[in-house]
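**Student:** all I have is the shape, not the residue letters:
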């Protein structure tokens, strides 16, 4: 382990590079928009935490942008449309097919890489050319000189579970070897009480969009760190993970409970079979707690 | 506004349950050129009013429903960039924040503290 881990740094700081990544292709219709909505939330979070656009790189299927204004009915966030927001407040947008050719990791800067989209045991799926970005890529770009922090929300994020932490890699996954899922944003936003609809409206490309509950929880903990972690003296990444994971578990457990409840309600008199997927299981994990303990949020 | 169960009186129980559990999302389809293009490929969708997508990442199929929620068709690989009108009902979502660890900690946060425009 290098001396890097002894240095206390902030998660949100302009000496870091931030990459927001989704490989979901426009040919995957609704999934393309909900996964890009996940990235928008992460971009919104970074900007609200003072990260300048020059440090934010977006990676997704750029063909989505051609359909964005129509899909969102030109809905605005602040003074700009969502498509303008994505391009105006980032350093660049790299098409998913060109990522490995066009993106160069500056090995003297810490990298924070946040993913949405589809995944499998092979890694992050690129729906545009049906390939995968595997954990090898991160082994290759990681360095002992700086930190590589991965926040993975796709299915089977555990495919990044075994990276070499001696290279200063810290991986946080929304799931180990389970599938991940999104949930309708409005019920997620009920944690804001009377302001649930206002938050859901602000955060969504269009009504009814579904959001990854792990990334949503991370957003909430990041935006409202002092309101939530008021009993923790040190607001470190490991505590942020703790709150994010417990929030995610709670959402998913409640969903599973409701599904079970429905089944019990209907078991007498009716055959009630849901669409074949009745287990809502997702187990968040954190790799390299040592590094995470020295990354601060506020 | 009416409740979903009052508008979609013929909706299948499994689809209704998935919507209430938030593991599926429903949209009212806007009748525009994109929808016409879809109908030209799938004639049976002419009466489709709503589309339901699963929020599970492993399911790529969507369900088309008529004005009363009756099931018309399940299709994979829809790529017509369907645009949506505002829903004409509210979904009776189940409460998925029971015993949530944030409890009431975020009820009083001010949205005014969030920036929407950046330099």
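**Tutor:** Perfect, thanks for sending it. This one's a predicted model, so the numbers in the text were calculated from it and none came from an experiment. Residues are numbered from 1 along each chain as shown, chains lettered A, B, ... in the order given.
**Student:** distance of the residue most central in space within chain B relative to residue A:87?
**Tutor:** Residue closest to the mean C-alpha point of chain B, counted by Cα atoms, centre = their mean, is residue B:26 at 1.5 Å. Residue B:26 sits 30 Å away from residue A:87, going by Cβ to Cβ, to the nearest Å. Glycine gets a C-beta too; all of them are placed from N, C-alpha and C.
**Student:** doesn't the residue nearest to the centre of chain B lie inside a helix?
**Tutor:** No - assessed with DSSP: H, G, I helix; E, B strand; the rest coil, residue B:26 is strand; it does not lie in a helix.
**Student:** close to chain A, is the helix or strand of chain B with the lowest mean pLDDT?
**Tutor:** Scoring the helices and strands of chain B by mean pLDDT, DSSP states H and E places helix B:13-20 at the bottom, with a mean of 88. Yes - against chain A, helix B:13-20 shows contacts by Cβ under 8 Å from any Cβ of the partner chain at B:13, B:14, B:15, B:17, B:18, B:20.
**Student:** the residue nearest to the centre of chain B contacts residue B:90, correct?
**Tutor:** No - if you go by Cβ atoms under 8 Å, residue B:26 and residue B:90 don't touch, sitting 11.2 Å apart.
**Student:** before we move on, the earlier item: would you write a PyMOL line that selects the buried entries of the residues of helix B:13-20 next to chain A?
**Tutor:** With 16 or more other Cβ atoms under 10 Å in any protein chain shown as the criterion, this PyMOL line picks the buried residues out of the residues of helix B:13-20 next to chain A:
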select buried, chain B and resi 14+15+17+18+20
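**Student:** what helices or strands is the helix or strand hosting residue A:199 leaning on?
**Tutor:** Secondary structure assigned from DSSP states H and E places residue A:199 in helix A:196-203. Here helix A:196-203 touches helix A:30-48, helix A:185-188, going by 3 or more Cβ pairs under 8 Å, 6 or more residues apart in numbering or on different chains; DSSP states H and E.
**Student:** how about residue B:22, secondary structure?
**Tutor:** coil.
**Student:** burial measure for it, as a count.
**Tutor:** Residue B:22: 26 surrounding residues under other Cβ atoms under 10 Å in any protein chain shown.
**Student:** what residues of the helix holding residue A:199 count as buried?
**Tutor:** For helix A:196-203, the neighbour count (16+ other Cβ under 10 Å) marks A:196, A:199, A:200, A:203 as buried.
**Student:** that one vs helix A:30-48, what angle?
**Tutor:** 100 degrees (axes from the mean of the first three to the mean of the last three Cα atoms, to 10 degrees).
**Student:** tell me the mean pLDDT over helix A:196-203?
**Tutor:** Averaging pLDDT along helix A:196-203 yields 95.
**Student:** tell me who's in contact with residue A:96.
**Tutor:** A:22, A:23, A:25, A:59, A:60, A:61, A:62, A:126, A:127, A:128 (Cβ atoms under 8 Å, 6 or more residues apart in numbering or on different chains).
**Student:** so which of those comes closest to residue B:105?
**Tutor:** residue A:22 (29.6 Å; Cβ to Cβ).
**Student:** quick check: closest non-adjacent residue to the closest one.
**Tutor:** With Cβ to Cβ, 6 or more residues apart in numbering or on different chains as the criterion, residue A:22 has its nearest non-adjacent residue at 3.9 Å, and that residue is residue A:117.
**Student:** and for the one you found, the neighbour number?
**Tutor:** 33.
**Student:** same question for residue B:1.
**Tutor:** 10.
**Student:** local confidence estimate at the closest residue to it other than its chain neighbours?
**Tutor:** Closest residue to residue B:1 apart from its sequence neighbours, by Cβ to Cβ, 6+ apart: residue B:90 at 5.3 Å. pLDDT for residue B:90: 95.
**Student:** so what's residue B:90 up against?
**Tutor:** Here residue B:90 is in contact with B:1, B:2, B:3, B:4 (Cβ under 8 Å, 6+ apart).
**Student:** check contacts around the nearest residue to the second one once chain neighbours are set aside.
**Tutor:** Across the structure, with Cβ to Cβ, 6+ apart as the measure, the residue nearest residue B:2 apart from its sequence neighbours is residue B:89 (4.9 Å). Under the criterion of Cβ under 8 Å, 6+ apart, the neighbours of residue B:89 are B:1, B:2, B:3, B:4, B:6, B:7, B:8.
**Student:** now residue A:6: closest residue in space, sequence neighbours ignored.
**Tutor:** residue A:294 (7.0 Å).
**Student:** hang on, that neighbour packs against residue A:3?
**Tutor:** No - in this structure residue A:294 lies outside contact range of residue A:3 using Cβ under 8 Å: 11.2 Å.
**Student:** who has more neighbours out of the two?
**Tutor:** Per other Cβ under 10 Å, whichever of residue A:294 and residue A:3 has more neighbours is residue A:294, with 18 against 7.
**Student:** quick one, phi psi at that one?
**Tutor:** Main-chain torsions, residue A:294, degrees, to the nearest 10: phi -110, psi 20.
**Student:** again with residue B:116
**Tutor:** According to degrees, to the nearest 10, residue B:116 has phi -110, psi -20.
**Student:** list the contacts of it.
**Tutor:** Applying Cβ under 8 Å, 6+ apart, the residues contacting residue B:116 are A:77, A:78, A:79, A:202.
**Student:** and those, which two are the farthest apart?
**Tutor:** A:79 and A:202, at 13.8 Å, using Cβ to Cβ across the contacts of residue B:116.
**Student:** how about the helices in chain A?
**Tutor:** A:30-48, A:63-71, A:82-88, A:99-102, A:135-141, A:185-188, A:196-203, A:213-223, A:225-228, A:237-266, A:289-292 (DSSP state H).
**Student:** hmm, I was thinking of chain B
**Tutor:** Using DSSP H, helices in chain B cover B:4-7, B:13-20, B:33-41.
**Student:** say whether chain B is contacted by the helix or strand of chain A with the lowest mean pLDDT.
**Tutor:** When the helices and strands of chain A are scored by mean pLDDT, DSSP H and E, helix A:237-266 comes last with a mean of 86. Yes - legend: contact between helix A:237-266 and chain B by Cβ under 8 Å from any Cβ is shown at A:243, A:246, A:247, A:250, A:251, A:254, A:255, A:258, A:259, A:262, A:266.
**Student:** from the chain's centroid, how far away is that helix?
**Tutor:** 17 Å (Cα atoms, centre = their mean, to the nearest Å).
**Student:** likewise stretch B:57-76?
**Tutor:** 10 Å.
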